[in-house]
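Asker: Here's my sequence, what's the structure:
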Amino acid sequence: YLTPISLADGGLFTQLYRDIYEPNQLAMIVFDDMVEKIIFQIDYEGDAEDFAWVIPVPGYPKLFSVEDDIFYELHKLTQPTPPSSFGCGWGAGPPLPGLEDEGVHVWEENQVGIYHTTTLSASDPNSLVEWLNNNGYAIPEEGQEILDYYVQKNWFFVAMKIQHEETINSSENYTGAIQPIGIMFFSDEMVYPLKISSLSAPSWGTEVLIYTFSDERVTFPEAAEEYNAIITPDQLKEYPILQGIIDETFVLTKLRRNFSAEEMDEDLIL
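Answerer: Here you go, the predicted structure:
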């Protein structure tokens, strides 16, 4: 892993009560014509076989794999000398639910890169907690209130585990960055699902670093802006991974902030 910013997002839940947590969060967001693409990379410590991760999103999610070096490309692209020059969909809605288990809809399951993913929605937070616990996502007691926050907003949930045969390191005390994953969904505004991260935030705080591509400069409360420039597709010729995602001109903003768990009391609207 080439950059010292080893980062992640979502709520990391311990499977079988093993101690897996997220030390930091890193994301790239592309927001265009009410479609948001958000890419996360996770850094974690613990047994890779016990990794379990849940991300809430406001619209039905389409997941896609992302090459490992995307955040290294962003790191290089946003170095001090900036460039000088100044939407999409996937159908009418989610598929019909495959399974319903007393208030929990299991919409679909997929293999995305190294991850086995399950797309869920719920009408009852108790049922959602029960489903997650029964499927190896050990939810802390305080997690029910936070999951209820998203259930009441009718958000979807993406639950992820690493396939055992795809495990990068099966030792009991693994430390390292895991393959990025992308999620695309419709949204009225650019959103970063921060609130759920309070469930797994370390006591020393969580540094959040977000790269945004949108039609204007964005920020969030108390964020330090480290980069802001207009980026055209022609400027990405040396960045093949980004070039495959960014196909029009955007404003790129790089924002950083350190949060305590108590400060993660709502999602970020940028």
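
Asker: Quick one: low-confidence residue ranges for the protein.
Answerer: Along the chain, segments meeting pLDDT under 70 span 1-23, 42-50, 80-101, 164-177.

Asker: So residue 235 lies in a helix, does it not?
Answerer: Yes - the assignment for residue 235 (DSSP: H, G, I helix; E, B strand; the rest coil) places it in a helix.

Asker: Could you give the number of residues near it?
Answerer: 20 (other Cβ atoms under 10 Å). Placement of C-beta: from N, CA and C, glycine included.

Asker: Against residue 64, how distant is it?
Answerer: In this view, residue 235 and residue 64 are 23 Å apart by Cβ to Cβ, to the nearest Å.

Asker: nearest residue to residue 62 other than its sequence neighbours?
Answerer: Nearest residue to residue 62, sequence neighbours excluded (Cβ to Cβ, 6 or more residues apart in numbering): residue 184, at 4.6 Å.

Asker: Also residue 64?
Answerer: Using Cβ to Cβ, 6+ apart, the closest residue to residue 64 is residue 182 (4.4 Å).

Asker: The one you found sits in which helix or strand?
Answerer: Residue 182 is located in strand 181-186, with elements delineated by DSSP states H and E.

Asker: how much space between the residue nearest to residue 64 and residue 210?
Answerer: From residue 182 to residue 210 the distance is 14 Å (Cβ to Cβ).

Asker: ok, back up a step: verify the stated contact: the residue nearest to residue 62 with residue 35.
Answerer: Yes - assessed by Cβ atoms under 8 Å, residue 184 is found in contact with residue 35 at 6.7 Å.

Asker: what residues are up against the residue found closest to residue 243 once you drop the neighbours it is linked to in the chain?
Answerer: Among residues not flanking residue 243 along the chain, residue 236 sits closest, at 4.3 Å (Cβ to Cβ, 6+ apart). By Cβ atoms under 8 Å, 6 or more residues apart in numbering, the contact set of residue 236 is 77, 242-243, 246.

Asker: Tell me the one of these nearest residue 58?
Answerer: Nearest to residue 58 among the contacts of residue 236: residue 246, at 22.6 Å, using Cβ to Cβ.

Asker: Any buried residues in the one helix or strand residue 76 maps to, and which?
Answerer: Residue 76 belongs to helix 70-77 when assigned by DSSP H and E. Buried positions in helix 70-77, judged by neighbour count with 16 or more other Cβ atoms under 10 Å: 70-75, 77.

Asker: Show me what it is packed up against.
Answerer: In terms of contacts (3 or more Cβ pairs under 8 Å, 6 or more residues apart in numbering; DSSP states H and E), helix 70-77 is packed against strand 24-32, strand 35-41, helix 240-243.

Asker: Point out the other helices and strands that the first one packs with.
Answerer: Read it as strand 24-32. So strand 24-32, by 3+ Cβ pairs under 8 Å, 6+ apart, packs with strand 35-41, helix 70-77, strand 206-214.

Asker: between these, which one is nearest to residue 133?
Answerer: Using Cβ to Cβ, those put strand 35-41 closest to residue 133, at 23.2 Å.

Asker: What strands line up against the closest one, and which way round?
Answerer: Here strand 35-41 is paired, per DSSP bridges, with strand 24-32 (antiparallel), strand 181-186 (antiparallel).

Asker: circling back to that earlier point, would CSV of the helices and strands packed on helix 70-77 with mean neighbour count and distance to residue 120 be doable?
Answerer: Listed next are the helices and strands packed on helix 70-77 as CSV, based on neighbours: other Cβ atoms under 10 Å; distance: least, Cβ to Cβ, whole Å:
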stretch, mean neighbour count, distance to residue 120
strand 24-32, 23, 21
strand 35-41, 22, 17
helix 240-243, 18, 29
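
Asker: Mind putting the ones you listed into CSV with distance to residue 112?
Answerer: Below are those laid out as CSV (distance: least, Cβ to Cβ, whole Å):
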stretch, distance to residue 112
strand 24-32, 16
strand 35-41, 12
helix 240-243, 16
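
Asker: re earlier: how distant is the strand holding residue 182 from the center of its chain?
Answerer: 9 Å (Cα atoms, centre = their mean, to the nearest Å).
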